[in-house]
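Chemist: Sequence and predicted model, in that order:
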Amino acid sequence: MVDRQAAALGYLARIAGGRPRSSLESLEVSGAKIGASIVEGLTVSDTLDAGERTLVDRTLDKIASNQSLEAHEQFALEAIIIPDQRPVIDVRAGNSYSTDHPLWQDLMAGQAQLSLKKALPAIGRVELIGHPSLPYGGTGFVVAEGLLMTNRHVAEIFANGLGRQGLMFKPGEGAVIDFERRVDGGSVPLTVDAVRMIHPYWDMALLAVLGLPPGTAPLRLRAAAPEGQPRIAAIGYPAFDPRNDPEVQARVFHNVYNVKRIMPGLLTGWADVASFGKTVRARTHDSSTTGGASGSAVIDLDTGEVLALHFGGVYLDTNYGVAASELARDGRVIDAGDIFEGATNRENGPWDDFWAPCETIVSAPTPPAAPTPPAVPVPIRVAGGSGSVTVTVPLRITIDLGDPVAATPPAPQSAAADIIPTEAPVEDYRDRTGYDADFLGSPIPLPEVVRSAADLLTYMRDGATDHVLRYEHFSVAMSRSRRQCFFSAVNIDGATSHKSARAGWRLDPRIPAAAQIINECYGNPPKFSRGHMTRREDPVWGDPISSQRGNADSMHVTNTVPQMQAFNSPIWLGLEDYALQHARSDAMKLSVFTGPYFADDDPTMYGVRIPVAFWKVIAFIHDETGRLCATGYQMDQSGVLPRATTEFVFGGYVSPQTGVSTQVPISSIEARAGISVGSLAQHDPLGGTSEAAFAPGGPLELFDQIRFS
């Protein structure tokens, strides 16, 4: 049995994030638990019939001898991991439920039953108003009177903004929370009145909901982290998830989706996970969940308290949640309402840097009051006798508009608006060497602009004409007509990267200020955010001076393109971090190229041509093959652009993958963007699919879907 357990763990190590079979230590929390479930499932005689047991035995034997598995053999293992250990339980009228699962019989009585009975009425489905394709976005639960908690990535489906100020629904869209939607019917919908918070660091949002049904007691978040591995239940609305094996889902969810479910399991530990382009410390649990369960409350069955806010997971590996104990350290969350059980502990944390730009309001200086204009002399002719007399008098006009009406104050502007970026002397840039073509050992030159080479913005550098703006660890090439970059190219050394506080925006003095977009299209929604092409974190590596320069240089407006605040998905923002996990361990280096697709039918807003879609190419030396690997990706923001404004009518462009990251052949990026990235297409795992050379790939919803080989 020991050999079989090792074999099962070896299998898991290969499929969980591409880790090698030897890295069993990294699976101690999640993989080992699932591996033990495999072995335990094999010892239950009534779980498998003779044919299934023969298939599983043969599969484990092949794993033990390091032979490759066929698709049906992989399914044989997948199909017995979750169904036998982590069921889902239907919720019916009156918040009743039942289960005959031998591991979870105690849910029907005692403290566990009391905890579930209290929690079930407070958890609802976040349904979408006006969305073109999605009926609902996830799950939410009541945490205080009139206050609902859900995921940031759920709220951003229908709302714009970050932080606590200037949040608003997208034009023509909104949300409803329905506290029923059971397997046997039922509906109690309430309108979401406002968005109170979209947390800039954690995948968490707070929504205002009025008129909660009687008996809906708020769920309290536990301020202190629990010890051990408490038994929990995630409660939410799991949907059919195309990322998972459909036959496995059918067994677990009985082919019923989108309704309220109890998903029992264990709170297993902690893990570092990519979230909105950064790495966060998340709680892990092993309940059976799918995409629609985003925003589920992870309930402690012994106390009824919320231990975590579920936000995602990796198939056959583990699930992730925002820890309630971490939220209890953020003073802004504490101030949102009476939502915690136990003493909170206000502390500074990594979230502070992400709150700063959301709460810094930069406004233009108040102009001096205009002087009162002098009275205008008005001649008045007075008839008298045979002549006239002209008298000059001051004229004052009073207009009575009725009772005064309080004007609605304008929404506060974010730090993106009304900024006058700093500008350093040209001499400060003389030692910037920019992107290094030999960084990975295999020469990778800068991309070449092919289709619109005449539109490259040039400047004088050391007495010669140049079109490359060199910064610390990255370079940019600008479009003269668009005043935006054709591409930004960066080298990343993950082994020496550092965290750094956000610097201020700045102009590049080497090119005219008029060739750079400063303020006209940036501000609170419906205006745009400055979307980094090279991520702010990417060039922040090396010695302290280089790191500081990389951080400051990333804030040049030349490195940005207008993007809606809700555009960047976790997958898109975390691509570099995920690729670093697969870079050769003794190097941990990447070269990344990012840019917009400039199209003739791109819309114009606020006097600026707005790119609808973006591309990215990542190159590195693969940790297993030792060879150069290059992959391409694209994403569009058509789904989050305002539907209409006074100066913009959205037309023409329809993307089949709106708001979704896709892995695509590098050759298709070159053709669509009108650029060349040299020989990188020859190292692309999708390069051999000639029939798909100009077609987008499937949607990326998990990093494990990415093909690196």
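Modeler: All right, it came through fine. It should be emphasised that the depicted structure is a prediction, and the values quoted were computed from it without experimental measurement.

Chemist: What does the pLDDT read for residue 148?
Modeler: Reported pLDDT at residue 148 in the predicted model: 97.

Chemist: swap that for residue 188, sorry
Modeler: 88.

Chemist: can you give me phi and psi for the closest residue to residue 117 other than its chain neighbours?
Modeler: Among residues not flanking residue 117 along the chain, residue 95 sits closest, at 6.3 Å (Cβ to Cβ, 6 or more residues apart in numbering). In this view, the C-beta of every residue, glycine as well, is placed from N, C-alpha and C. Dihedral pair for residue 95: phi 60, psi 40, per degrees, to the nearest 10.

Chemist: same thing with residue 446?
Modeler: Residue 446 adopts backbone torsions of phi -60, psi 150, taken as degrees, to the nearest 10.

Chemist: Same question for residue 199.
Modeler: Dihedral pair for residue 199: phi -70, psi 130, per degrees, to the nearest 10.

Chemist: these two touch, right, it and residue 358?
Modeler: No - the pair residue 199 and residue 358 fails to qualify as a contact (Cβ atoms under 8 Å) at a distance of 9.4 Å.

Chemist: which residues are common contacts for the two?
Modeler: Applying Cβ atoms under 8 Å, 6 or more residues apart in numbering, one finds that residue 199 and residue 358 are jointly contacted by residue 162.

Chemist: Tell me which of the two has more neighbours.
Modeler: Applying other Cβ atoms under 10 Å to residue 199 and residue 358 shows that residue 199 carries more neighbours, namely 25 against 22.

Chemist: that older thread, wait, what's in contact with the residue nearest to residue 117?
Modeler: 117, 120, 121.

Chemist: Quick one: buried ones out of the residues you listed?
Modeler: Buried members of the contacts of residue 95, scored by 16 or more other Cβ atoms under 10 Å, are 120, 121.

Chemist: what's the helix or strand for residue 355?
Modeler: Assigned by DSSP states H and E, residue 355 belongs to helix 351-359.

Chemist: Buried residues, that helix. List them.
Modeler: By 16+ other Cβ under 10 Å, the buried positions in helix 351-359 come out as 351, 353, 354, 355, 357, 358.

Chemist: got it, and stretch 493-509?
Modeler: 493, 494, 497, 500, 502, 505, 506, 507, 508.

Chemist: Got the confidence number for the last one?
Modeler: If you check residue 508, the pLDDT there is 93.

Chemist: which residues does it contact?
Modeler: By Cβ under 8 Å, 6+ apart, the contact set of residue 508 is 423, 429, 469, 516, 556, 557, 558.

Chemist: How about the third one?
Modeler: Contacts for residue 497 (Cβ under 8 Å, 6+ apart) come out as 537, 540, 541.

Chemist: try it again with 6 Å
Modeler: Applying Cβ atoms under 6 Å, 6 or more residues apart in numbering to residue 497 gives the contacts residue 541.

Chemist: can you list the domains in the protein?
Modeler: 2-81, 89-348, 422-700 (automatic domain parsing).

Chemist: Distance from the second one to the middle of the chain?
Modeler: For domain 89-348, the separation from the chain centroid amounts to 17 Å (computed by Cα atoms, centre = their mean, to the nearest Å).

Chemist: Of all pairs in the buried residues of stretch 493-509, which one is the farthest apart?
Modeler: Spanning the widest gap among these are 494 and 507, at 29.9 Å by Cβ to Cβ.

Chemist: where does the stretch 201-350 of the chain have low pLDDT?
Modeler: Applying pLDDT under 70 to the stretch 201-350 of the chain flags residues 241-246, 315-316.

Chemist: Which residues are in contact with residue 572?
Modeler: By Cβ under 6 Å, 6+ apart, the contact list for residue 572 reads 635, 661.

Chemist: Which secondary structure state does it sit in?
Modeler: Secondary structure, DSSP: H, G, I helix; E, B strand; the rest coil: residue 572 is helix.

Chemist: any idea how far it is from residue 266?
Modeler: Counting by Cβ to Cβ, to the nearest Å, the gap from residue 572 to residue 266 is 32 Å.

Chemist: possible to save the domains of the chain as a markdown table with distance to residue 706?
Modeler: Output for these, formatted as a markdown table (distance: least, Cβ to Cβ, whole Å):
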| stretch | distance to residue 706 |
| --- | --- |
| domain 2-81 | 9 |
| domain 89-348 | 12 |
| domain 422-700 | 6 |
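
Chemist: got the buried residues for the lengthiest strand in the chain?
Modeler: Ranked by number of residues, the top strand in the chain under DSSP state E is strand 261-275. Using 16+ other Cβ under 10 Å as the test for burial, strand 261-275 gives 261-269, 271, 273-275.

Chemist: now for the first helix or strand past that strand going along the chain, which elements pack on it?
Modeler: Using DSSP H and E, the next helix or strand after strand 261-275 towards the C-terminus is strand 278-285. Packed against strand 278-285 by the contact rule (3 or more Cβ pairs under 6 Å, 6 or more residues apart in numbering; DSSP states H and E) you find strand 261-275, strand 318-323.
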